[in-house]
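Chemist: Here is my input; please provide its structure:
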Amino acid sequence: MNHTDLIKKVEWKDLKKLSLKEMLIENNISVPWLLISLFLAFKGYYFAALPFSGFYFLTALRQVHNGFHNSLGTGKFLTWLSMNSISMIASVHAVKFNHIRHHKFCLSEEDYEGKSASMKWYQAIFYGPKHLFLIHWMTFKLANRKCKQNMFLELISISVFVFIAFYFKINFLIYHISIMFFGELLMAFFAVWTVHHDTHNHPEIARTQRGFWKNKLTFSMFYHMEHHLFPAVPTIKLPELAERIDKVLPELHKKQTF
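Modeler: Residues are numbered from 1 along each chain as shown. Here you go, the predicted structure:
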């Protein structure tokens, strides 16, 4: 069964709509984690801040990822504003440009985001710095003028933010910058390899995750097969989409993320 046949068998278009509560969640899900992590770091409790920083990075990624696919339930300006996440220490618009190409050219030579999927797990980890550079470099080479402008605006803003933090020795911000940069270096492993390795025969059928607590702890970010089949569906709706797929297509072979 090919990609088109799968889509035809599952009802999904109603899942694109968000209630007011769902829209508020999707647009603010990262805020509590950021505030708690910064507060703990400000007080000098860096080890206590670490899990909150990790959850901030994950939820911020969820938030901007929904923005990539216009799934935040807001207009263009608010979506653009939500995606200008200086605090993630990378150009979100550069990530968006490559992510949309990833969906279009999934695991092919033109898919620069997906390069680490064909590597061993440890190679994907060490590939992280090159992945981060390539995401920005390919945006500079291939993106349109507006996308490049957004990327440079973000990079300049990030540079100013980093300069202020280090020049004035604002320790809790230096901590945050360091953790976020470390997270960016692991993106080739966590955001690409984990969900796409050993799926090259059927790139559109990415790995997915089942298990209530696993998906709660990862904020539904590993329903990746569901996302690739129906990218317009917001993350908050992916558990329901997964149930529909399992019911309609029980024979579909699903590789687990972990």
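Chemist: Spatially central residue (nearest the centroid) of this structure, please.
Modeler: L61 (4.0 Å; CA atoms, centre = their mean).
Chemist: Now that residue. Its backbone dihedrals?
Modeler: In terms of degrees, to the nearest 10, the main-chain angles of L61 are phi -60, psi -40.
Chemist: Report the contact partners of the closest residue to F222 other than its chain neighbours.
Modeler: Leaving aside its sequence neighbours, F222 sits nearest to Q209 (CB to CB, 6 or more residues apart in numbering; 3.7 Å). The C-beta positions use only the backbone N, C-alpha and C, and glycine is treated the same way. Contacts for Q209 were tallied using CB atoms under 8 Å, 6 or more residues apart in numbering; they are N215, T218, F222, Y223, H224, Q256, T257, F258.
Chemist: Identify, from the residues you listed, the entry nearest to I86.
Modeler: Nearest to I86 among the contacts of Q209: T218, at 24.4 Å, using CB to CB.
Chemist: Report pLDDT for the residue nearest to the centre of the chain.
Modeler: pLDDT recorded at L61 is 96.
Chemist: pretty sure it is touching L186, no?
Modeler: No: if you go by CB atoms under 8 Å, L61 and L186 don't touch, sitting 11.3 Å apart.
Chemist: Near T194, how many residues? Count them for me, please.
Modeler: Number of residues near T194 (other CB atoms under 10 Å) recorded here: 19.
Chemist: Next, it: secondary structure please.
Modeler: Secondary structure for T194, judged by DSSP: H, G, I helix; E, B strand; the rest coil, is helix.
Chemist: The nearest residue to it once chain neighbours are set aside: how many residues sit nearby?
Modeler: Leaving aside its chain neighbours, T194 sits nearest to T257 (5.4 Å; criterion: CB to CB, 6+ apart). For T257, the tally of surrounding residues (other CB under 10 Å) stands at 23.
Chemist: just I174 next, same as before
Modeler: Number of residues near I174 (other CB under 10 Å) recorded here: 15.
Chemist: List the residues that contact M23.
Modeler: So M23 contacts L72, G73, T74 (CB under 8 Å, 6+ apart).
Chemist: which one of those sits closest to F39?
Modeler: Checking these against F39 with CB to CB, the nearest one is L72 at 25.9 Å.
Chemist: isn't the closest one right up against E26?
Modeler: Yes: with contact defined as CB under 8 Å, L72 counts as touching E26 (5.5 Å).
Chemist: what sits in contact with each of these two?
Modeler: Q63, N66, P234.
Chemist: How much space separates the spatially closest residue to the last one that is not a sequence neighbour from E22?
Modeler: If you skip the residues right next to it in sequence, P234 has S71 as its closest partner in space, 4.1 Å away by CB to CB, 6+ apart. Counting by CB to CB, to the nearest Å, the separation of S71 from E22 is 11 Å.
Chemist: So the two - more neighbours on which side?
Modeler: Shown here are S71 and E22; by other CB under 10 Å, S71 has more neighbours (22 against 14).
Chemist: you'd agree the more buried one is up against I236?
Modeler: No: with contacts counted by CB under 8 Å, S71 stays clear of I236, the gap being 9.1 Å.
Chemist: Common neighbours of these two, please.
Modeler: When CB under 8 Å, 6+ apart defines a contact, the residues bordering S71 and I236 alike are E26.
Chemist: follow-up on the earlier one: which one of the contacts of M23 sits closest to F161?
Modeler: Set against F161, the nearest of the contacts of M23 by CB to CB is L72 (23.4 Å).
Chemist: what comes up buried for stretch 110-118?
Modeler: D111, Y112, E113, G114, K115, S116, A117 (16 or more other CB atoms under 10 Å).
Chemist: starting at the chain centroid, how far to it?
Modeler: Here stretch 110-118 is found 15 Å from its chain centre; the criterion is CA atoms, centre = their mean, to the nearest Å.
Chemist: Quick one: end-to-end distance for that stretch.
Modeler: End-to-end distance for stretch 110-118, by CA to CA, to the nearest Å: 14 Å.
Chemist: can you list contacts of it?
Modeler: For stretch 110-118, the external contacting residues (CB under 8 Å, 6+ apart) are 98-99, 101-102, 104-107, 123-124, 127, 131, 134-135, 138, 188-189, 192-193, 196-197, 199-200.
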